[in-house]
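> Here is my input, please return the structure:
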Amino acid sequence: MPGEVHEEVAASIVREIIRQLDAIASQGGPAAEFAKKIRPCASSTVRFDDPLFGKHDPDASFRHWKAKYPGVVIEVSHSQKKRDLPRLADDYILGSNSRIRAVVGIDVNYRGGKMATVSIWRPRVETNTAGENELVAYQALSDQAFRSEDGNQIDDPQAGLRLRLDDFAAKALAGGISLDEEIFIPAKDLFTYVCEGEDGAQITRASPCPEDEVIEGFEPGTRKRRRERTPPEELHEDDEKRFQSEEDKAEERGARSDSSYDDQCEPQPRRKLPRR
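Numbering: from 1, shown residues only. Presented below is the predicted three-dimensional model:
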């Protein structure tokens with residue numbers, strides 16, 4: 001069930017982000033033009049120039065149409081995968097040289113509780129102990145709960161998934177304009193997405209089908225007939241002649257090749273060297 005739920009949750013988040021991007025695009029101005037160029041890329045594979053970071057298939061992503069990498073990557077996990085989220089954030093942000101601006105992690109726990117949280121990683125340059133600058137993926141939002149251990153909604157109007165428009169592409173593609181517009185999915189909506197995903201997973205696994213037994217045009221006892229396999233089409237006489245002619249030519253070419261090969265392989269008379 002976790003796999004089915006996380007796909008439903010990812011799809012719901014993508015739909016809401018698209019809706020809000022469309023709303024920004026309809027307002028006009030430079031930010032609107034930028035928003036129009038953001039495309040959902042589903043789970044398209046992300047490949048990095050540096051093989052150290054491998055390749056990944058995110059649950060969802062958004063990419064500016066002129067960018068090589070997505071700006072926002074979304075990963076929805078369950079308890080077994082949660083420990084991989086920080087490593088994934090490192091790969092996405094470091095592998096893209098910070099061109100991936102935000103990695104969103106949604107975690108839904110199914111072991112010992114029903115806690116659900118949202119986290120966000122972003123790129124940041126820090127100075128290490130040797131005084132050198134290092135690019136790191138820092139956790140800007142750490143495991144903010146939107147569903148409690150007992151499965152209840154977290155009633156905090158400020159909690160939820162909060163992204164900036166400039167998260168969706170590198171600054172070079174923004175054309176120097178300010179992109180302060182916000183994409184916000186409150187905790188109550190994230191809670192709804194998870195619950196609906198769980199309900200949908202239960203329905204798809206239900207037996208018998210929970211829908212009405214009688215469907216219009218399909219009464220109880222109606223037999224089902226599968227389409228018969230279509231027999232191979234008979235060759236037209238002209239097609240047979242053409243295919244036969246091509247086969248004959250192929251055989252003739254093969255015979256000539258064999259003959260040429262035999263001539264080349266036939267022992268040649270030994271040449272005599274002149275006496276000195």
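
> Strands along the stretch 101-250 of the chain, start to end?
102-108, 116-127, 133-147, 160-164, 182-186 (DSSP state E, counting those that start in this stretch).

> Please work out which of those strands is packed deepest.
Using mean count of other Cβ atoms under 10 Å, the stretch among those with the largest mean neighbour count is strand 102-108, at a mean of 25. Placement of C-beta: from N, CA and C, glycine included.

> what angle sits between it and strand 160-164?
Between strand 102-108 and strand 160-164, the angle comes out at 170 degrees (axes from the mean of the first three to the mean of the last three Cα atoms, to 10 degrees).

> Which neighbouring elements make contact with strand 102-108?
Using 3 or more Cβ pairs under 8 Å, 6 or more residues apart in numbering; DSSP states H and E as the contact criterion, the secondary-structure elements in contact with strand 102-108 are helix 2-25, strand 72-78, helix 79-82, helix 85-95, strand 116-127, strand 133-147, strand 160-164.

> where does the protein dip in pLDDT?
Counting by pLDDT under 70, the chain has low-confidence residues at 1-2, 78-82, 112, 206-218, 220, 231-241, 243, 250, 253-276.

> rerun that using 80 as the cut-off
Across the chain, residues meeting the criterion (pLDDT under 80) sit at 1-3, 78-83, 109-113, 171, 174-178, 202-224, 229-276.

> re the thing from before, residue 193 is nearest to which of the helices and strands packed on strand 102-108?
The closest approach between residue 193 and any of the helices and strands packed on strand 102-108, judged by Cβ to Cβ, belongs to helix 2-25 at 4.0 Å.

> got the buried residues for that closest one?
With burial defined by 16 or more other Cβ atoms under 10 Å, the residues of helix 2-25 counted as buried are 2, 5-14, 16-17, 20-21, 24-25.

> on that earlier part again, take the helices and strands packed on strand 102-108 and write them to JSON lines, including distance to residue 219.
Putting the helices and strands packed on strand 102-108 into JSON lines (distance: least, Cβ to Cβ, whole Å) gives the following:
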{"stretch": "helix 2-25", "distance to residue 219": "31"}
{"stretch": "strand 72-78", "distance to residue 219": "41"}
{"stretch": "helix 79-82", "distance to residue 219": "45"}
{"stretch": "helix 85-95", "distance to residue 219": "51"}
{"stretch": "strand 116-127", "distance to residue 219": "43"}
{"stretch": "strand 133-147", "distance to residue 219": "43"}
{"stretch": "strand 160-164", "distance to residue 219": "47"}
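
> secondary structure class for the most centrally placed residue in the chain?
To find the centre residue of the chain, average its C-alpha atoms and take the closest one (Cα atoms, centre = their mean): that gives residue 43, at 0.6 Å. Per DSSP: H, G, I helix; E, B strand; the rest coil, the local secondary structure of residue 43 is coil.

> follow-up on the earlier one: closest one to residue 50 among the helices and strands packed on strand 102-108?
Taking Cβ to Cβ as the criterion, helix 85-95 is the member of the helices and strands packed on strand 102-108 that comes nearest to residue 50, at 6.0 Å.
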